[in-house]
Every structure is written in C-alpha cells, then in structure tokens.
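[1] Quick one: sequence plus predicted model below, questions after.
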Amino acid sequence: MGTRGRYSIMLFRGRGEGTGIEVMIDSDDRLDVARAIYEREIIKHPGRLLILCDRARVLARSDQPDPPR
C-alpha cells in the first residue's frame, strides 16, 4: 500500500445518511499503477462508488464512463 502518493483511490459509503469516504484504499505517485489499482477495486466492489484522484482533482469515478484518453 502506498503512502500519500499523488494519485489516490477512495471507496465511498452507500447512499443515505452517513455517506462519504469509507476508506482511502491506496495511493501511488505513478498514474499507471494507481489506475490499475482503481480498476481492480471496481471489480472487487461492484455497485460501489470509487474515485481516482490527482490530489483534489477527480480523474475517474466508477459511476461514470471513462472519458476518452
């Protein structure tokens, strides 16, 4: 598990009361590594909201299709 890398992957709680970040799954300074972790976590947590961030900027959300690269 990375320690405060530039790119982070966060898992959010379900809808309703108490929503918000449940856990920061991992982080890494390399985008390719962070994206691979993010894609693996989507498979592990189907139907849950996962977000891949570059510090405070959202790069990808599991509830939205990826933009073209």
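    Noted; the coordinates are in hand. Nothing here was measured: the structure is a model prediction, and the numbers come from that model.
[2] Tell me which strands the strand or helix carrying Asp26 pairs with, and in which orientation.
    Secondary structure assignment for Asp26, by DSSP states H and E: strand 21-28. Partners of strand 21-28 in the sheet, by DSSP bridges, are strand 7-12 (antiparallel).
[3] what does the strand it pairs with contact?
    19-31, 33-35, 37-38, 41, 45, 48-54, 59 (Cβ atoms under 8 Å, 6 or more residues apart in numbering). C-beta here means a position set from N, CA and C on the backbone, and glycine is covered the same way.
[4] Can you give me the separation between the residue lying closest to Arg4 once chain neighbours are set aside and Thr19?
    Excluding its sequence neighbours, the residue lying closest to Arg4 (Cβ to Cβ, 6 or more residues apart in numbering) is Ser27, at 5.9 Å. As judged by Cβ to Cβ, to the nearest Å, Ser27 and Thr19 stand 22 Å apart.
[5] The two: who's more crowded?
    A direct count of neighbours by other Cβ atoms under 10 Å for Ser27 and Thr19 places Ser27 higher, at 20 against 11.
[6] Please work out the average pLDDT along stretch 53-69.
    In this model, stretch 53-69 has a mean pLDDT of 85.
[7] buried sites along that stretch?
    For stretch 53-69, a neighbour-count test (16 or more other Cβ atoms under 10 Å) marks 53, 59-60, 62 as buried.
[8] need these in JSON lines with secondary structure and distance to Arg15, can you?
    Formatted as JSON lines, those follow (DSSP: H, G, I helix; E, B strand; the rest coil; distance: Cβ to Cβ, whole Å):
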{"residue": "Cys53", "secondary structure": "strand", "distance to Arg15": "20"}
{"residue": "Leu59", "secondary structure": "strand", "distance to Arg15": "22"}
{"residue": "Ala60", "secondary structure": "strand", "distance to Arg15": "20"}
{"residue": "Ser62", "secondary structure": "coil", "distance to Arg15": "14"}
